[in-house]
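Participant: Provided below are the primary sequence and the corresponding predicted coordinates.
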Amino acid sequence: MHQVPLYINGEFTQSQSDKWLDVVNPANQEVLAQVPCATSQEVQAAINSAQEAFQTWKNVPVPERARIMMHYAALLKEHQEEIATIICHELGKTFEDAKGDVWRGIEVVEQAANAPAMMMGETVENVARNIDTYSYIQPLGVCAGVTPFNFPAMIPLWMFPMAIVCGNTFVLKPSEQDPLTPMRLVELFEEAGAPKGVLQVVHGGKDQVDQILEAPEIRAVSFVGSCGVGQYIYSKGTENLKRVQACVGAKNHMVIMPDASKEQTINNLVGASVGAAGQRCMGISVAVFVGKSQEWVDDLKAGLEKVRPGVWNDPEAAYGPQTSAAAKARILSLIESGKQQGATCLLDGSDFTVEGYENGNWVGPTLFTNVTTDMDIYKEEIFGPVLNCVFVDTLEEAISLVNNSPYGNGVSLFTASGAAARKFQQEIQVGQVGINIPIPVPLPFFSFTGWKNSFYGDVHTYGKQGVRFYTETKTITSRWFADEAVTGPNMSINLR
């Protein structure tokens, strides 16, 4: 049985832990490897190594740090399909979806290679007579990241490349459900020329995260995951005086106007609702049909009936299994609650199986209509291939519905009207808005900007805000005396 190593001070080391967790292929329940819950001594060793490495790494010229990221991006592209195959086995994604996971991470690494421009400060000459003011952007120190199961390549790559290129060192705690992918990312990062100690990897669960949150050496923590865990990490991290950015739950709506292109809208809705088995925080879980567009529900059902889950190398499979048996059980429970609470289940994927892989965590496409906002299937993030349909009469009602949601991660509007689109994007209280785009995840020169209960923190992930999160600004005001003239004491705060 392969035992997943730790990565401490540039060495892949065997954990001395007495607690190990199985890494399971969700398509067939095959145990692929075992991952340790690192001991407290091992976690502290990783933190100490990162702290020591920071003393020299922070002084490495920014162009040199950027060149490592250039090399890293090239290696990731070279090994994209290999990494995607690892994702397919430990998470169950289809091959195309897994390659997309890797590619969206590569895009962030490419942006990290732009560090010299992003690390530039500001200068003003003669803010007062013969006095200049300028600022430097400097790294924080040791940073940490806790990443989820659903994007084992992309989300680690959201975090450690940006933190490290800014001059920090980093401790990564990846999901224990699929650690093989991030470990391969680490191997390639080392091959790209990353010095010892700038990146550490420890494995485990709550105990290991608690140690990270309590460690005084760690200055900032990034997190992506569920609401409950995100609230805990934000509260405990800030209690220990750390910066925290926590991207958490969502309940994303797609608002559909009657003037939208029906075929385009339905195709986009099918992919955005059940793609990746519904296991993405920017997926669409609520379709809001405005006015006569509700007549398209039968076409939507027909579109969903054409897709099915399957194993990663099945070219006809639209998506893979749920990540675990527990995740499947939770989804099935919510589907049952929708039926019991009065929603109409037009398409039920509860009993779906894949021939030859009957033990897989399969859930077929599921479609509900007549959903109301007091139902559990509307209120809770299902994180599965389940789409709820809500009917309203006007765009104003749709905007009110979305704005009343406690979440604000993503939303989209499908319409042919520029006036409707402008009204929508101005009035909607959601951080990431798509106009005829179902999943508006921004490219990494922008930031990932969830609102409300979809984000805890003050500064968002990657893009310019990512640089701000991982850095401090130092402002210098200077004057050089050109002669021996001496003036009397300045007793005021004014510069002169």
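Facilitator: On my side now, so go ahead. Note that the structure is a prediction, hence the values are computed from the model and not measured. Numbering: from 1, shown residues only.
Participant: Looks like residue 47 contacts residue 214 (just checking).
Facilitator: No: counting by C-beta atoms under 8 Å, residue 47 sits too far from residue 214 to count as a contact (10.5 Å). The C-beta positions use only the backbone N, C-alpha and C, and glycine is treated the same way.
Participant: more neighbours, those two?
Facilitator: residue 47 (23 against 13; other C-beta atoms under 10 Å).
Participant: what does whichever helix or strand residue 398 is part of rub up against?
Facilitator: Per DSSP states H and E, residue 398 falls inside helix 395-403. Contacting residues not belonging to helix 395-403 are listed as 253, 255, 257, 288, 290, 373, 390, 392, 411, 420, 423-424, 427-430 [C-beta atoms under 8 Å, 6 or more residues apart in numbering].
Participant: just checking, which of these belong to strands?
Facilitator: In strands, defined here by DSSP state E, the members of the contacts of helix 395-403 are 253, 255, 288, 290, 390, 392, 411.
Participant: Could you list which residues are in contact with the third one?
Facilitator: When the contact criterion is C-beta under 8 Å, 6+ apart, the partners of residue 288 are 253-256, 390-392, 398, 401-402.
Participant: Mind telling me the two of those residues farthest from one another?
Facilitator: 391 and 402 (14.2 Å; C-beta to C-beta).
Participant: the more surrounded of the two?
Facilitator: A side-by-side neighbour count of residue 391 and residue 402, using other C-beta under 10 Å, places residue 402 first with 24 against 17.
Participant: Spatially nearest residue to that one, not counting backbone neighbours?
Facilitator: Once flanking residues are discounted, residue 402 sits nearest to residue 253: 4.9 Å by C-beta to C-beta, 6 or more residues apart in numbering.
Participant: wouldn't the one you found be in contact with residue 411 here?
Facilitator: Yes: if you go by C-beta under 8 Å, residue 253 and residue 411 touch, sitting 5.2 Å apart.
Participant: who's more crowded, the two?
Facilitator: For the pair residue 253 and residue 411, the greater number of neighbours falls to residue 411 (31 against 25), based on other C-beta under 10 Å.
Participant: Pairing partners for the more buried one in the sheet, please.
Facilitator: Beta-bridge pairing for residue 411 (DSSP bridges): residue 253, residue 433.
Participant: Quick check: the gap between it and residue 453.
Facilitator: 14 Å (C-beta to C-beta, to the nearest Å).
Participant: Same question for residue 51.
Facilitator: Distance from residue 51 to residue 453, by C-beta to C-beta: 34 Å.
Participant: What residues does residue 293 make contact with?
Facilitator: By C-beta under 8 Å, 6+ apart, the neighbours of residue 293 are 256-258, 260, 265.
Participant: If we use 10 Å, what do you get?
Facilitator: Residues near residue 293 by C-beta atoms under 10 Å, 6 or more residues apart in numbering: 255-260, 262, 265, 287, 391-392, 414-415.
Participant: got it, and residue 414?
Facilitator: Counting by C-beta under 10 Å, 6+ apart, residue 414 has contacts 254-257, 259-262, 264-266, 268-269, 287, 290, 293, 421, 434-438.
Participant: Could you turn the buried ones of those residues into a PyMOL selection?
Facilitator: Buried residues among those (16 or more other C-beta atoms under 10 Å), as a PyMOL selection:
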select buried, resi 254+255+256+257+260+262+265+266+268+269+287+290+293+421+434+438
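Participant: thought residue 205 was touching residue 37?
Facilitator: Yes: assessed by C-beta atoms under 10 Å, residue 205 is found in contact with residue 37 at 6.0 Å.
Participant: circling back to that earlier point, rebuild the contacts of residue 288 as JSON lines, extending it with pLDDT and distance to residue 70.
Facilitator: As requested, the contacts of residue 288 are arranged in JSON lines below (pLDDT from 0 to 100; distance: C-beta to C-beta, whole Å):
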{"residue": "253", "pLDDT": "98", "distance to residue 70": "39"}
{"residue": "254", "pLDDT": "98", "distance to residue 70": "37"}
{"residue": "255", "pLDDT": "98", "distance to residue 70": "41"}
{"residue": "256", "pLDDT": "98", "distance to residue 70": "42"}
{"residue": "390", "pLDDT": "98", "distance to residue 70": "47"}
{"residue": "391", "pLDDT": "98", "distance to residue 70": "51"}
{"residue": "392", "pLDDT": "98", "distance to residue 70": "49"}
{"residue": "398", "pLDDT": "98", "distance to residue 70": "45"}
{"residue": "401", "pLDDT": "98", "distance to residue 70": "46"}
{"residue": "402", "pLDDT": "98", "distance to residue 70": "41"}
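Participant: Looking at those, spot the one nearest residue 105.
Facilitator: Looking across the contacts of residue 288 and measuring by C-beta to C-beta, the closest to residue 105 is residue 254, at 25.4 Å.
Participant: The closest one contacts residue 439, correct?
Facilitator: Yes: with contact defined as C-beta under 10 Å, residue 254 counts as touching residue 439 (9.5 Å).
Participant: what's the farthest-apart pair in the contacts of residue 293?
Facilitator: Farthest pair in those, by C-beta to C-beta: 262 and 392, 17.8 Å.
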